[in-house]
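A.B. asks: Just the structure for this:
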Amino acid sequence: MRAKACDSGTLDGMMLGLNGKGGTLALGLLAVVGCNAEPAGNGGLAHCSDLQGDGTCLSLYSNRPYCSLCEANNRGCLMLPPAPLCQPGAGTGGPQDSTTTDTGDASQGSTTAAVDSTGANSTGELPCEQEGEVDPGCVELDGAQPFCIDGQCVGCDAAGGDAFCGGQDPLTPACDAEAGDCVGCGAVDHEVCGATAPVCDASGGCLSCTSHAQCSGSACHLGADDPLQGQCFLPDEVIYVDNEMPCPGVGTQEEPLCTLMAAAALVGPGTARVLRVSGGTPYIERAVFSGALTVAIIGDGQPVIRGNPVQQAATLTFDGGAIAYLRGVQLEGNVLTHGAACSFSSLRIEDSFIRNNDGWGVFDFDPCNLEIDRVVISGNEDGGVRVSGGELSLVNSTIAVNGIGASSTGVRLLGTEAHILYSTIAGNNGSAADSIECTGATGT
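C.D. replies: Below you'll find the model as predicted:
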């Protein structure tokens, strides 16, 4: 360890000040002080003894006001007074001389305590003990440096920032660098929550998303069959569509695509995309999403999508393993067939209207997992919802006034597991069962 730079004037002063009791004491102090050219552990910064001693320490560290010749770390500053031999004035004829004359006997241990290789201070005590945690001693000394890291009191930023705080407590994952403490994710002005838990909860912790609204400008991977369940779609996965803007557009918010078909063409197998579709003029077109893809169609202003009036195909079709989400749209007025069709895929519809289509509101050609929540399905000529195989979850929805007799019904379940809760199914007109037709179906 080292205090002052090793020049002849300094060494002569030390020797002269200590020769009164023999050379042994002088040699002992030199062994403590050493002759390093640079102060160890301080990146080349001046040692307190090269400056103003205790005054330097007090100005640099509110909790380390004492300068020690025998300490290299923290520029030689300690929390407690060092041993007399390690004080900057020792042996120079100052007022401390009388306290140094009886310490030459190594058995008294003062020199040993000062050079403790563990980094202990002159009393043999570490600055803190509860490594990696909030240390009561650190809190008492300085509330802005409450954590014990490598035996030193530091703030959360020096301990590792947000990553350190997140490992301490999931409800305080953010580092407040000014206060030095870990706080809730909403208590700082920088982003804390990551991709796997993107939502900052009111409790202060980061949680998975459970609704599209929690992902600002994007959408949430909601389904249990979605490999990214609980995560938000990424910002660069968002495509904007507005048929009132100039064609063709590029898909950005400033230059949106002008057709839904153009947007659908950008959603291929292996991709994940959000289509933000603006309301206004109805979209007289259809779109197909086929293959192992993930797509969320989010309406801004309840856009109306009517299908192609010269093509007998559903307004929106999902098949071949697609994972699809619909929210805030109106599938209305397909004059030839169904509002939405699903095969070997999963489809989750929220806060939407599916009405006045010539076929079924929602129709599956092959098994499909359907989740319908807060949706009105009405006025569709062939019927409301047809599910063959797969599963149906129908919650907080209305299926009413569908069918015109013949083979129509409100809800047709063929070998399906169905769970219907808090929903109205009424006023439908079928040739047999008007409201619910169950063939080999199970559920509640």
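A.B. asks: From now on I want contacts and neighbour counts done on CA atoms only, so please keep to that.
C.D. replies: Fine.
A.B. asks: Who are the contact partners of residue 196?
C.D. replies: 208, 230-231 (C-alpha atoms under 8 Å, 6 or more residues apart in numbering).
A.B. asks: Could you let me know which of those residues ends up closest to residue 375?
C.D. replies: Comparing the contacts of residue 196 against residue 375 with C-alpha to C-alpha picks out residue 230 as the nearest, at 22.4 Å.
A.B. asks: quick check, the closest one in a strand?
C.D. replies: No: Residue 230: not assigned to a strand; according to DSSP: H, G, I helix; E, B strand; the rest coil it is coil.
A.B. asks: in what helix or strand does the closest residue to residue 78 other than its chain neighbours lie?
C.D. replies: Nearest residue to residue 78, sequence neighbours excluded (C-alpha to C-alpha, 6 or more residues apart in numbering): residue 64, at 4.6 Å. Assigned by DSSP states H and E, residue 64 belongs to neither a helix nor a strand.
A.B. asks: what about residue 193, how many neighbours?
C.D. replies: 21 (other C-alpha atoms under 10 Å).
A.B. asks: Show the model's pLDDT score for the closest residue to it other than its chain neighbours.
C.D. replies: Once flanking residues are discounted, residue 193 sits nearest to residue 206: 5.5 Å by C-alpha to C-alpha, 6+ apart. Looking at residue 206, its pLDDT stands at 95.
A.B. asks: what about the residue nearest to residue 78, how many residues close to it?
C.D. replies: Neighbours of residue 64 (other C-alpha under 10 Å): 21.
A.B. asks: Against residue 54, how distant is it?
C.D. replies: Applying C-alpha to C-alpha, to the nearest Å, the value for residue 64 to residue 54 is 9 Å.
A.B. asks: Closest one of the contacts of residue 196 to residue 417?
C.D. replies: For those, the nearest to residue 417 is residue 230 (24.6 Å; C-alpha to C-alpha).
A.B. asks: is it true that that closest one touches residue 220?
C.D. replies: Yes: using C-alpha atoms under 8 Å, residue 230 is in contact with residue 220, at 6.6 Å.
A.B. asks: Mutual contacts of the two, please.
C.D. replies: Joint contacts of residue 230 and residue 220 (C-alpha under 8 Å, 6+ apart) are 209-210.
A.B. asks: Pull the contacting residues for residue 253.
C.D. replies: Counting by C-alpha under 8 Å, 6+ apart, residue 253 has contacts 239-240.
A.B. asks: The residue nearest to residue 78: what's it in contact with?
C.D. replies: Counting by C-alpha under 8 Å, 6+ apart, residue 64 has contacts 57-58, 77-80.
A.B. asks: Also residue 257?
C.D. replies: 239-243, 245, 247-251, 263.
A.B. asks: Go again with 10 Å.
C.D. replies: 239-251, 263, 277 (C-alpha atoms under 10 Å, 6 or more residues apart in numbering).
A.B. asks: still on that earlier bit, spit out the residues that contact residue 64 and residue 54 alike.
C.D. replies: With C-alpha under 10 Å, 6+ apart, residue 64 and residue 54 have common neighbours 76-78, 81.
A.B. asks: I'd like the distance between the residue nearest to residue 193 and residue 159.
C.D. replies: 20 Å.
A.B. asks: And these two? Which one has more around it.
C.D. replies: Counting neighbours by other C-alpha under 10 Å for residue 206 and for residue 159 shows that residue 206 has the greater number, 25 against 21.
A.B. asks: just to revisit the earlier point, ok, the residue nearest to residue 193 to residue 178 distance?
C.D. replies: 21 Å.
A.B. asks: same deal with residue 58?
C.D. replies: From residue 58 to residue 178 the distance is 20 Å (C-alpha to C-alpha).
A.B. asks: Tell me which of those two has more neighbours.
C.D. replies: residue 58 (17 against 10).
A.B. asks: Setting aside sequence neighbours, what's the nearest residue to that one?
C.D. replies: residue 65 is the one closest to residue 58 (C-alpha to C-alpha, 6+ apart), at 4.3 Å.
A.B. asks: got the contact list for that neighbour?
C.D. replies: 53-59, 76-81.
A.B. asks: Rebuild the residues you listed as a markdown table, extending it with secondary structure.
C.D. replies: Below are those laid out as a markdown table (three-state DSSP):
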| residue | secondary structure |
| --- | --- |
| 53 | coil |
| 54 | helix |
| 55 | helix |
| 56 | helix |
| 57 | helix |
| 58 | helix |
| 59 | helix |
| 76 | helix |
| 77 | strand |
| 78 | strand |
| 79 | coil |
| 80 | coil |
| 81 | coil |
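A.B. asks: in the stretch 151-300 of the chain, which spans are helices?
C.D. replies: Ranges of helices within the stretch 151-300 of the chain are 156-159, 161-168, 260-264, based on DSSP state H, counting those that start in this stretch.
A.B. asks: possible to save those as a markdown table with distance to residue 354?
C.D. replies: Putting these into a markdown table (distance: least, C-alpha to C-alpha, whole Å) gives the following:
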| stretch | distance to residue 354 |
| --- | --- |
| helix 156-159 | 53 |
| helix 161-168 | 44 |
| helix 260-264 | 18 |
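A.B. asks: These: which one's closest to residue 374?
C.D. replies: Of those, nearest to residue 374 by C-alpha to C-alpha is helix 260-264, at 23.9 Å.
A.B. asks: what's the average pLDDT for the closest one?
C.D. replies: For helix 260-264, the per-residue pLDDT averages 97.
A.B. asks: ok, now stretch 375-382?
C.D. replies: Mean predicted confidence for stretch 375-382 is 97.
A.B. asks: Using CSV, write out every CA atom in it.
C.D. replies: Taking C-alpha atoms only, stretch 375-382 is exported to CSV below (Å, rounded to 0.1, in the frame of the first residue of the first chain):
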residue,chain,number,x,y,z
VAL,A,375,-68.3,-9.5,-29.4
VAL,A,376,-71.7,-9.0,-31.1
ILE,A,377,-72.6,-11.6,-33.8
SER,A,378,-75.9,-10.8,-35.3
GLY,A,379,-78.0,-10.8,-38.5
ASN,A,380,-75.9,-13.4,-40.3
GLU,A,381,-78.1,-15.5,-42.6
ASP,A,382,-76.6,-18.9,-42.2
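A.B. asks: Number the residues from 8 up from this point.
C.D. replies: From this message on, residue numbering opens at 8, which makes the last subject stretch 382-389.
A.B. asks: For the nearest residue to residue 372 once chain neighbours are set aside, give the beta-bridge partners.
C.D. replies: Excluding the flanking residues, the one nearest residue 372 by C-alpha to C-alpha, 6+ apart is residue 350, at 5.5 Å. Assessed by DSSP bridges, residue 350 has beta-bridge partners residue 326.
A.B. asks: Residue 350 and residue 393 touch, don't they?
C.D. replies: No: Residue 350 lies out of contact with residue 393 (C-alpha atoms under 10 Å); the separation is 11.8 Å.
A.B. asks: which residues do the two both contact?
C.D. replies: 370-372.
A.B. asks: Save those as CSV, and put in distance to residue 429 and neighbour count too.
C.D. replies: Listed next are the shared contacts of residue 350 and residue 393 as CSV, based on distance: C-alpha to C-alpha, whole Å; neighbours: other C-alpha atoms under 10 Å:
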residue, distance to residue 429, neighbour count
370, 22, 25
371, 23, 25
372, 27, 14
